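J.: just to be clear, the model below is a prediction. Sequence and coordinates:
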Amino acid sequence: MFAALDISDLAKQFTLHMQDSAELPVIAGANLSVASGECVVLSGPSGAGKSSILKMIYGTYPCTLGSIRVLDGDNYVDVAMASARDLLALRQTTVGYVSQFLRVIPRVPTITLVAEPLVRRGADLTSAHDQAASLLQKLNLPERLWPLPPATFSGGEQQRVNIARAFAHPMPIMLLDEPTASLDAENREAVVSLIHEAKRRGAAILGIFHDKDMRDRIADRLVDVTAFQTFHSINAES
Amino acid sequence: MTGPIKDDALLRASGLAKIYGAQIGCFDVGLELWPGEVLAVVGESGSGKTTLLNCLAGELTPTSGVIEYRRGNGPMRNILEMTEAERRTLQRTEWGIVHQNPADGLRMTVSAGANVGERLMAVGARNYGDIRSTALEWLARVEIDTGRIDCRPETFSGGMRQRLQIARTLVTRPRLVFMDEPTGGLDVSVQARVLDTLRGLVAELGLSVILVTHDLGVARLLADRMVVMKDGQIVEDGLTDQILEDPQHAYSQLLVSAILQA
Amino acid sequence: MSASSTAPRHDPAYNFAFLDEQTKRMIRRAILKAIAIPGYQVPFASREMPMPYGWGTGGVQVTAAILGPDDRLKVIDQGADDTTNAVSIREFFRRTAGVETTERTDKATIIQTRHRIPEMALRDDQVLVYQVPIPEPLRFLEPRETETRTMHALKEYGLMHVKLYEDIAMHGHIATTYAYPVKVAGRYITDPSPTPKFDNPKMNRMPALQLFGAGREKRIYAIPPYTDVVSLDFEDHPFTVQKWDQPCDLCGAEDTFLDEMLTDDQGGRLFICSDSDHCNRRQTAGHHGSMTQDAAE
């Protein structure tokens, strides 16, 4: 198996200009790789930098040091060096990200929201809607909710809409930031099977799951991020 | 999509400056826009973002610099070296502008239908029935009661005027739209609905947009990328979520923190 | 009316045709440029004339600049030779230039007009001079002169159809009945002055030279002989001219522009040709309308 995602010597440090340019190191010296078809789960206490790693891979946080190589087609792209334009292209074709929060356009029906990532990539409306419907079915979202915008849904229902959106288009690399935090056992089961399906088609998955049972069901490996906190390395270089 | 191709840019500005006597409008600005992309230009009032927009849209002649645009599938051409005829043809075919004040973009003394129809007639439409049915279709798309087609925009609310301006601008399917605080003059409740409409149309028509706004919420909802301006210069550019969640420049941090606390 | 052709009497206190020679040269240069660019509005240094704006100061200056001692001048207002404005201007040139005047269209070499084109077809040895109040056809929708000039320069004429669209939207048909915009020689959109659209077809490929003078607005434009003049319209709302459901009450003509005249306080009215010369000559030739039928019998 080759690495779909390869992180080396990654460091993140926030500079807070409004607090006299205080430096706030989050992680340093992070090394990890995820193979195609593999699911790696990040572990460690809150505040240890798990989400920061996912956000750096997605491009939301710029990296302070190190590299994040992502397999895009036949080539590796270093996210740490990539332009905003390259990152947008990666998000379109290669890297998907699901957070625990549903951030969508208000007033748009659920079924349209789930179909949108497919339509945006050129699928025709009918087949996109069919696919969206089958995903929502798998995730046990009652059909009467599909024509409604999700703003008034419960936390668990919103999370399932979010997951359906993320899994609608098969991405080679998926970043999952506690997407199941508000789900009950039955619905978590549905997500587990979606993740297994994604692995079978060769997706590399890097996730954060606090639920131990969930972790045991999907993780091929655990990586403890507390190992990535040797901050002197940043100071030594700067 | 097989990944970014560098030469695919639709619009590219470099070394752009507009100097008003001793006053700097904008200075040393460089940016690129790709097809289908929404770029927000954010900053406080006086930061030079509207000056920049007007230069890019061909409304203002910059003091120095280059603005290249790819017309049709042709090569990149400096719009500042085009004839006025060519530039104005661009402005009424491939480009569109949505002004903050709808009165600046509308003809207030002719009917809503004629406002939408004007751009069609400007590019040669000469069938009244066709023009009228297209106008009706666009009024419906921007959620204006089609029964108001023969009313003058003078009788419209601010939100309706802005919707009418959007319909008038988009009816000829431009490729590139310049928007200057498109929801700036509207009540908050009206703002959200106009933004929904805009966002839907931008996605549906695959528009490329340069959006000037001081409202980071508007930028978050519409833009793929952002540039932050201060004192006439770009101090930071990046993905919208990057600048909102992890701004790098001191000024961007100030701007973002001010919004999030509000 | 029979004394329409009388011996001229040039008042020696005035230069020929009132204007000084330099001014006439300046106006002739503007006219030549206007002829060279059909339909284009040429700015000129309009002079103060001894009559108020709105009384034909532009037309008078154009006439003065092209008038020669051998010309025969006809002046009409709303088609009639006997209205105040027409009589005054005719008298003005009789006194300042001593030229012969006439009411007969076929005898005139220069015809100055307000609001009408004579019914009789004009010849290529005649010149028609229009008095124009507002020469800019785009002014209705675009108040900025800088912008309308650019629109003309770049042939951006979508706006002109906005006005016609509004007409149809408001009235169900193109309700503009006078100053109906035309495209001259396939290039410039031009205001035919406040003539009724009934006369627009006469402008197309007219053998006579058509000159337009706007004194207050300081513009001269021209349509050279045999130039294409097309009235704007929509495919599904084509240009049409006014029609009357009755003939002229005086001469019985069915193809002329008719004026409505109230004859008493009991609602009595007549429809008669606005072109008084045309109507008179038809009657002289033996044509009759409902009013003149009885008298003839």
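T.: Sure thing, it's come through.
J.: which residues touch the closest residue to residue B:230 other than its chain neighbours?
T.: In this structure, residue B:230 finds its nearest non-sequential neighbour in residue B:251, 4.7 Å apart by Cβ to Cβ, 6 or more residues apart in numbering or on different chains. Where you see a C-beta, it was placed from the backbone N, CA and C, and this is true even at glycine. In this structure, residue B:251 makes contact with B:228, B:230, B:235-236, judged by Cβ atoms under 8 Å, 6 or more residues apart in numbering or on different chains.
J.: look at residue B:251 and tell me its secondary structure.
T.: Following DSSP: H, G, I helix; E, B strand; the rest coil, we place residue B:251 in the helix state.
J.: against chain C, how distant is residue B:77?
T.: Separation of residue B:77 from chain C (Cβ to the nearest Cβ, to the nearest Å): 18 Å.
J.: identify each buried residue in the strand or helix carrying that residue, please.
T.: Taking DSSP states H and E as the criterion, the element that holds residue B:77 is strand B:76-78. By 16 or more other Cβ atoms under 10 Å in any protein chain shown, the buried positions in strand B:76-78 come out as residue B:76.
J.: ok, stretch A:137-157 next?
T.: Under 16+ other Cβ under 10 Å, the buried positions of stretch A:137-157 are A:138-139, A:141, A:145-146, A:149-150, A:153, A:156-157.
J.: buried sites along the lengthiest helix in chain B?
T.: Determined from DSSP state H, the single longest helix within chain B is helix B:188-205. Residues of helix B:188-205 classed as buried: B:190-199, B:201-203 (neighbour count, 16+ other Cβ under 10 Å).
J.: helices or strands next to the next helix-or-strand element following that helix in the packing?
T.: Using DSSP H and E, the helix or strand that follows helix B:188-205 in sequence is strand B:208-213. The contact analysis (3 or more Cβ pairs under 8 Å, 6 or more residues apart in numbering or on different chains; DSSP states H and E) places strand B:208-213 against strand B:38-42, helix B:49-56, strand B:176-180, helix B:216-222.
J.: between the ones you listed, which one is nearest to residue C:43?
T.: Residue C:43 lies closest, by Cβ to Cβ, to one member of the helices and strands packed on strand B:208-213: helix B:49-56, at 30.3 Å.
J.: strands of chain A, start to end?
T.: Counting by DSSP state E, chain A has strands at residues A:3-16, A:22-35, A:39-43, A:65-72, A:75-78, A:95-98, A:173-177, A:204-208, A:221-224.
J.: ditto for chain B
T.: B:11-20, B:23-33, B:38-42, B:64-70, B:76-78, B:95-98, B:176-180, B:208-213, B:225-230, B:233-239.
J.: which of the ones you listed sits most buried?
T.: Compared across the strands of chain B, strand B:38-42 shows the largest average neighbour count, a mean of 26 (mean count of other Cβ atoms under 10 Å in any protein chain shown).
J.: centre of the chain versus that strand, how much separation?
T.: 9 Å (Cα atoms, centre = their mean, to the nearest Å).
J.: ok, now stretch C:253-270?
T.: Centroid separation for stretch C:253-270 versus its chain: 22 Å, with Cα atoms, centre = their mean.
J.: for it, how far is the first residue from the last?
T.: Using Cα to Cα, to the nearest Å, the end-to-end distance of stretch C:253-270 comes to 13 Å.
J.: which parts of that stretch are buried?
T.: If you call a residue buried by 16+ other Cβ under 10 Å, then stretch C:253-270 has these buried ones: C:253, C:256-259, C:270.
J.: any chance of these in TSV, with pLDDT and secondary structure too?
T.: Listed next are the buried residues of stretch C:253-270 as TSV, based on pLDDT from 0 to 100; DSSP: H, G, I helix; E, B strand; the rest coil:
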residue	pLDDT	secondary structure
C:253	95	coil
C:256	95	coil
C:257	96	coil
C:258	95	strand
C:259	93	strand
C:270	92	strand
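J.: show me what contacts the residue lying closest to residue C:181 once chain neighbours are set aside?
T.: Leaving aside its sequence neighbours, residue C:181 sits nearest to residue C:137 (Cβ to Cβ, 6+ apart; 4.6 Å). Counting by Cβ under 8 Å, 6+ apart, residue C:137 touches C:160, C:179, C:181, C:189-191.
J.: residues near residue 64, how many?
T.: Since no chain was named, I'll use chain A. The number of residues packed near residue A:64 is 21, by other Cβ atoms under 10 Å in any protein chain shown.
J.: you looked at the wrong chain, it should be chain C
T.: Using other Cβ under 10 Å, residue C:64 has 24 neighbouring residues.
J.: let's have the contacts of residue C:137 in TSV, adding neighbour count, secondary structure and pLDDT.
T.: Listed next are the contacts of residue C:137 as TSV, based on neighbours: other Cβ atoms under 10 Å in any protein chain shown; DSSP: H, G, I helix; E, B strand; the rest coil; pLDDT from 0 to 100:
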residue	neighbour count	secondary structure	pLDDT
C:160	19	helix	92
C:179	19	coil	92
C:181	23	coil	95
C:189	20	strand	97
C:190	25	strand	97
C:191	26	coil	96
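J.: quick one: which of those is nearest chain A?
T.: Nearest to chain A, judged by Cβ to the nearest Cβ, of these is residue C:160 at 40.4 Å.
J.: so that closest one touches residue C:189, yeah?
T.: Yes. Using Cβ atoms under 8 Å, residue C:160 is in contact with residue C:189, at 5.4 Å.
J.: shared neighbours of those two, anything?
T.: With Cβ under 8 Å, 6+ apart, residue C:160 and residue C:189 have common neighbours C:137-138, C:181, C:232.
J.: can you add secondary structure and give these back as JSON lines?
T.: Below are the shared contacts of residue C:160 and residue C:189 laid out as JSON lines (three-state DSSP):
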{"residue": "C:137", "secondary structure": "coil"}
{"residue": "C:138", "secondary structure": "coil"}
{"residue": "C:181", "secondary structure": "coil"}
{"residue": "C:232", "secondary structure": "coil"}
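J.: what is the most widely separated pair among these?
T.: Farthest apart among those by Cβ to Cβ are C:138 and C:232. That separation is 11.9 Å.
J.: report the secondary structure state of residue C:76.
T.: Once three-state DSSP is applied, residue C:76 turns out strand.
J.: next, the residue nearest to it when sequence neighbours are not counted: phi, psi?
T.: Leaving aside its sequence neighbours, residue C:76 sits nearest to residue C:113 (Cβ to Cβ, 6+ apart; 5.1 Å). The phi/psi pair for residue C:113 (degrees, to the nearest 10) reads phi -140, psi 150.
J.: circling back to that earlier point, got a markdown table for the buried residues of stretch C:253-270, with distance to chain A too?
T.: A markdown table is the format used below for these (distance: Cβ to the nearest Cβ, whole Å):
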| residue | distance to chain A |
| --- | --- |
| C:253 | 65 |
| C:256 | 62 |
| C:257 | 59 |
| C:258 | 61 |
| C:259 | 62 |
| C:270 | 66 |
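J.: of the residues you listed, closest to residue B:148?
T.: Out of the buried residues of stretch C:253-270, the member with the shortest distance to residue B:148 (by Cβ to Cβ) is residue C:257, at 38.5 Å.
J.: and the residue nearest to residue C:181, how far from chain A?
T.: Per Cβ to the nearest Cβ, residue C:137 is found 46 Å from chain A.
J.: ok and the residue in the stretch 151-262 of chain B nearest chain A?
T.: residue B:250 (3.5 Å).
J.: residue contacts, that residue?
T.: Applying Cβ under 8 Å, 6+ apart, the residues near residue B:250 are A:17-18, A:21.
J.: chain C: helices as residue ranges?
T.: Here chain C has its helices, by DSSP H, at C:21-36, C:57-66, C:84-97, C:145-153, C:158-171, C:200-203, C:276-284, C:290-296.
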